[in-house]
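**Student:** next comes the sequence, and after it the predicted model I'd like to discuss.
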Amino acid sequence: MGATFTIERAVPGDFDRIYPRLQAFGGPLTREDWRKIFVPPWKSPEDFCGYVLLRDGEVKGYLGLIFSSRVIGGRIEKFCNLTSWIVSDDARSKSLPMLLEVLKLKDYTITNFTASPTVAVIMRPLGFMDLDVHQQVLFPVPGLGLRAWGCACEFDPEKIRSLLSEDDRRIFDDHQRLGCEHLLLRSKTGYAYLVLKRTRRKNLPFLKVHYLSDPRVFVECAERLMPRICVRRRVWGLMVDERYLGGHRFRAAYRYLHDHKGYFKPASDALDRSQIDTIYSELVILHD
Amino acid sequence: MSDIQERLVNCFSVVFPTLSREEIPHAEDTSVASWDSLAAVTLVAVIEDEFGVSIAPEEYEKITSFASTREFLQGKLADVSR
């Protein structure tokens, strides 16, 4: 008689029994790091955090889901970010059914920013679309900082919060316990609010943009303010995904091209690639 | 009917080359070690090519064994011919 597999919704209380399976990923993440994907610090539109694969009650696999909802283009959009998809060797035939459960979720744009090459092959026939994750890396170019007229940068978190729109303030509040940094670039025409995380490239500190409220203001001001930002934040530069920039190429930026891609399956035609960011994803919760 | 059986055996043999043609009709996802997620989507693609049908993601769940796939395919082909 064959083994009985079941797939159930996982809730935060399942963490202790799922964690041993997550340890198979290896890497530097601690138990408390992993716990964060079970309990995101923002209000989730769902009361579960993934799917757990069980065989006769024993945990054989897990597919984590990070849910969020936000206003984009005046509409409420719901997102589901895939994370931590792992199945034991003796249950590999049941890994795809876990993903198929996710596809049954209605009204969610599903994202995956960390697909392995194997997972990438699986995503395409299931209707996922590619997402370029090439970046531009801005450095503090001498001279450009002297011409920052009309642009200003706010570093103080409380001051930044006070200047944000209601929707941006919610993003600010949602990311207070995740080690994020916040910047507000201001020009005569508006502001660009940035949520960033520190990362390292060649062992040098950089800031990576995970949310950019207004690419137009960012394009207008970023290069000019880079010297100030890098000195104040003690970083070598700032990394921003090209798809946020509406085709703009900064003159003095280095293009950081990636072989891998992100993937998304939009809930509606209203969303385009430039609106798929990583702010409510595992990249902010789990990774630098 | 036997034509479907034969062509489906060919599809399975492409994706699971270690299975003999005698073993294939008894193949189930839980009994074939190499039946993982990649093999599952590859099998769907091979079946789509062979039979000229389109299989939607929500239908993947029906492809869990040779027998269930054959049953699903018979229904699918009957729908197409109507």
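**Tutor:** Happy to help now that I have it. A quick note: this is a predicted structure, and the numbers were derived from the prediction, not measured. Residues are numbered from 1 along each chain as shown, chains lettered A, B, ... in the order given.

**Student:** show me what contacts the residue nearest to A:Glu101 when sequence neighbours are not counted?
**Tutor:** Nearest residue to A:Glu101, sequence neighbours excluded (CB to CB, 6 or more residues apart in numbering or on different chains): A:Tyr51, at 5.2 Å. The way it works is simple: take the backbone N, C-alpha and C, and place the C-beta from them, glycine included. A:Tyr51 makes contacts with A:Ile7, A:Glu8, A:Arg9, A:Ala10, A:Tyr62, A:Leu63, A:Leu65, A:Met98, A:Glu101, A:Val102, as judged by CB atoms under 8 Å, 6 or more residues apart in numbering or on different chains.

**Student:** redo that, cut-off 10 Å
**Tutor:** Counting by CB atoms under 10 Å, 6 or more residues apart in numbering or on different chains, A:Tyr51 touches A:7-10, A:61-65, A:85, A:97-102.

**Student:** now it: how far from A:Val219?
**Tutor:** Distance from A:Tyr51 to A:Val219, counting by CB to CB, to the nearest Å: 40 Å.

**Student:** who's the closest spatial neighbour of A:Leu53, skipping the chain neighbours?
**Tutor:** The nearest residue in space to A:Leu53 (CB to CB, 6+ apart) is A:Gly61, at 3.4 Å.

**Student:** what helices or strands is the helix or strand where the one you found lies leaning on?
**Tutor:** Secondary structure from DSSP states H and E places A:Gly61 in strand A:58-72. Secondary-structure packing of strand A:58-72 (3 or more CB pairs under 10 Å, 6 or more residues apart in numbering or on different chains; DSSP states H and E): strand A:5-10, helix A:15-22, strand A:50-55, strand A:75-87, helix A:95-103, strand A:108-112, helix A:166-174, helix A:282-285.

**Student:** got the angle between the fifth one and strand A:50-55?
**Tutor:** I take that to be helix A:95-103. Orientation check (axes from the mean of the first three to the mean of the last three CA atoms, to 10 degrees): helix A:95-103 against strand A:50-55 gives 150 degrees.

**Student:** cool, and the longest one?
**Tutor:** Here strand A:75-87 points in a direction 30 degrees away from that of strand A:50-55 (the same axes, to 10 degrees).

**Student:** cool, the second one as well?
**Tutor:** With the same axes, to 10 degrees as the criterion, the two stretches helix A:15-22 and strand A:50-55 enclose an angle of 80 degrees.

**Student:** return the list of helices and strands in contact with helix A:15-22.
**Tutor:** On a contact count with 3+ CB pairs under 10 Å, 6+ apart, helix A:15-22 meets helix A:31-36, strand A:50-55, strand A:58-72, strand A:75-87.

**Student:** what average pLDDT does stretch B:46-55 get?
**Tutor:** When pLDDT is averaged along stretch B:46-55, the result is 96.

**Student:** so how far is A:Ser165 from A:Val119?
**Tutor:** 36 Å.

**Student:** so which of these two has more stuff around it?
**Tutor:** Each of A:Val119 and A:Ser165 has its neighbours counted (other CB atoms under 10 Å in any protein chain shown); A:Val119 has more, 18 against 12.

**Student:** just how off-centre is the helix or strand where that one lies within its chain?
**Tutor:** A:Val119 belongs to helix A:117-123 when assigned by DSSP H and E. Here helix A:117-123 is found 19 Å from its chain centre; the criterion is CA atoms, centre = their mean, to the nearest Å.

**Student:** buried ones in the helix or strand of chain B with the lowest mean pLDDT, by neighbour count?
**Tutor:** Least confident helix or strand of chain B, by mean pLDDT, DSSP states H and E, is helix B:66-81 with a mean of 91. Buried residues in helix B:66-81, defined by neighbour count with 16 or more other CB atoms under 10 Å in any protein chain shown: B:Phe66, B:Thr69, B:Arg70, B:Phe72, B:Leu73, B:Lys76.

**Student:** that older thread, any chance of the helices and strands packed on strand A:58-72 in a markdown table with mean pLDDT as columns?
**Tutor:** As requested, the helices and strands packed on strand A:58-72 are exported to a markdown table (pLDDT from 0 to 100):
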| stretch | mean pLDDT |
| --- | --- |
| strand A:5-10 | 96 |
| helix A:15-22 | 96 |
| strand A:50-55 | 97 |
| strand A:75-87 | 95 |
| helix A:95-103 | 96 |
| strand A:108-112 | 97 |
| helix A:166-174 | 97 |
| helix A:282-285 | 94 |
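
**Student:** where neighbours are concerned, which of the contacts of A:Tyr51 has the most?
**Tutor:** A:Leu65 (27 neighbours).

**Student:** what about the nearest residue to it once chain neighbours are set aside, how many residues nearby?
**Tutor:** Excluding the flanking residues, the one nearest A:Leu65 by CB to CB, 6+ apart is A:Gly50, at 4.7 Å. For A:Gly50, the neighbour count with other CB under 10 Å is 27.
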